[in-house]
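Undergrad: give me a model of this one.
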Amino acid sequence: MGDDQEITHTVGITGATGALGDLVAGRLARLGVTQRLIVRDINRAPELPGTSAAMAAYEDRYAFERAVRGTTTLFLVSATEAADRLQQHISAVNAAVAAGVTRIVYLSFLAAAPDATFTFARTHFHTEEHIRSTGVAHTFLRPSLYLDLLPHWVDSSGVVRGPAGNGRVAWVAREDVADVAAAVLTGGAAHDGRTYDVTGPEAVTLGESVRRLSAVTGKTLRYLPETWEEALESRRPLGAPEWAIEGWASSYAAVANDELDVVAPTVPDITGHPAQSIEGHLRRRPTALAHVAA
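TA: Numbering: from 1, shown residues only. Prediction:
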């Protein structure tokens with residue numbers, strides 16, 4: 001590990017200390033790909049064969065430019081939700097292009113659009129548009145809601161609350177998204193200009209999702225639909241800023257509006273294996289609902 005700028009790094013990986021970036025970096029290391037891990041905390045950078053690390057925040061354009069110099073492809077994991085998230089993305093993209101990066105693979109979100117119900121999906125859309133405007137080769141990965149997060153939507157009493165109505169979503173496992181990302185990052189120009197929806201094998205309602213969690217674990221779980229206003233009011237006591245509360249609630253509302261009712265063949269087509277089901281994913285993580293009372 002180090003910050004030796006004389007080394008040429010084929011792939012730059014952001015978010016390597018996070019859940020998704022770490023998975024991608026690990027897969028590329030096993031493939032023997034030389035990587036530069038761009039992290040906010042150098043002490044948390046994973047130690048993997050063929051990697052070095054550099055510390056830079058998206059919003060620090062000069063530090064980010066230096067960190068990615070010597071890479072040709074950049075895997076840009078979207079920043080943590082923040083009021084200035086789009087500005088962070090624009091800063092990082094501009095820095096990468098200035099440093100000579102010739103290809104960006106961006107982790108976006110399903111149904112990214114300027115008028116998306118899910119407010120954070122609007123930021124993803126505008127980030128995609130900015131990447132396009134630079135003229136750099138690019139690929140956009142648009143995963144659905146993460147299957148890994150579904151158990152955390154269940155509170156300690158076994159209830160999922162939210163304004164998702166009877167809409168459907170094809171939950172996707174982070175591991176499957178990481179497999180797709182690794183294949184795209186090593187697949188070269190064949191993926192340039194492509195936008196891939198990355199989903200699970202089937203779209204189900206939140207009520208059905210909860211019933212299937214219950215069937216696997218034997219715990220009594222249920223889904224309690226909320227109105228939009230009920231959802232906002234139930235979270236305001238947590239003290240989060242209004243934009244964050246609306247962002248959280250709008251993820252459920254996007255399900256209700258059928259914007260996430262998408263099943264794409266990307267995982268099997270690109271990785272050669274089927275996307276994980278709710279049951280298969282949970283059986284591999286028997287403690288995922290340990291926080292719920294028996």
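Undergrad: what's the burial count for residue 63?
TA: Per other Cβ atoms under 10 Å, the neighbour tally for residue 63 reads 16. (C-beta placed from N, C-alpha, C; glycine too.)
Undergrad: contacting residues around it?
TA: Residues counted as contacts of residue 63 (Cβ atoms under 8 Å, 6 or more residues apart in numbering) are 55-57.
Undergrad: and for the residue nearest to the spatial centre of the chain, nearest residue in space, chain neighbours not counted?
TA: Taking Cα atoms, centre = their mean, the centroid of the chain lies closest to residue 107, which sits 5.9 Å from it. Leaving out its chain neighbours, the residue that sits closest to residue 107 by Cβ to Cβ, 6 or more residues apart in numbering is residue 77, at 4.9 Å.
Undergrad: wait, doesn't the one you found sit right on residue 22?
TA: No - in this structure, residue 77 is not within contact of residue 22 by Cβ atoms under 8 Å, at 10.1 Å.
Undergrad: who touches both of the two?
TA: Contact criterion Cβ under 8 Å, 6+ apart; residues shared by residue 77 and residue 22: residue 15.
Undergrad: among the contacts of residue 63, who's most crowded?
TA: Compared across the contacts of residue 63, residue 56 has the highest neighbour count, 21 neighbours, by other Cβ under 10 Å.
Undergrad: mind checking how far that residue is from residue 152?
TA: 29 Å (Cβ to Cβ, to the nearest Å).
Undergrad: quick one: contacts for the residue nearest to residue 107?
TA: Counting by Cβ under 8 Å, 6+ apart, residue 77 has contacts 14-15, 18, 20-21, 107.
Undergrad: let's see 6 Å
TA: Counting by Cβ atoms under 6 Å, 6 or more residues apart in numbering, residue 77 makes contact with 14-15, 21, 107.
Undergrad: please apply the same query to residue 27.
TA: Contacts of residue 27 were listed using Cβ under 6 Å, 6+ apart, and they are 178, 182.
Undergrad: go again with 7 Å.
TA: Residue 27 sits next to 178-179, 182 when contact means Cβ atoms under 7 Å, 6 or more residues apart in numbering.
Undergrad: so when I look at it, I'm seeing a helix, right?
TA: Yes - assessed by DSSP: H, G, I helix; E, B strand; the rest coil, residue 27 belongs to a helix.
Undergrad: and it, what pLDDT?
TA: Listed pLDDT for residue 27 reads 98.
Undergrad: so for the residue nearest to residue 113 when sequence neighbours are not counted, what's the pLDDT?
TA: Once flanking residues are discounted, residue 113 sits nearest to residue 125: 5.3 Å by Cβ to Cβ, 6+ apart. On pLDDT, residue 125 comes in at 98.
Undergrad: which helix or which strand is home to residue 125?
TA: Element membership for residue 125 (DSSP states H and E) is helix 119-134.
Undergrad: for residue 107, name its beta-bridge partners.
TA: Here residue 107 sits in beta bridges with residue 77, residue 141, as judged by DSSP bridges.
Undergrad: report the contact partners of it.
TA: Contact partners of residue 107, counting by Cβ under 7 Å, 6+ apart, are 20, 76-78, 141.
Undergrad: report the two of these separated the most.
TA: Largest separation among the contacts of residue 107 by Cβ to Cβ: 20 and 76, giving 11.7 Å.
Undergrad: for the stretch 151-294 of the chain, what spans make up the strands?
TA: Using DSSP state E, counting those that start in this stretch, the strands of the stretch 151-294 of the chain run over 159-162, 168-169, 195-198, 204-205, 222-225.
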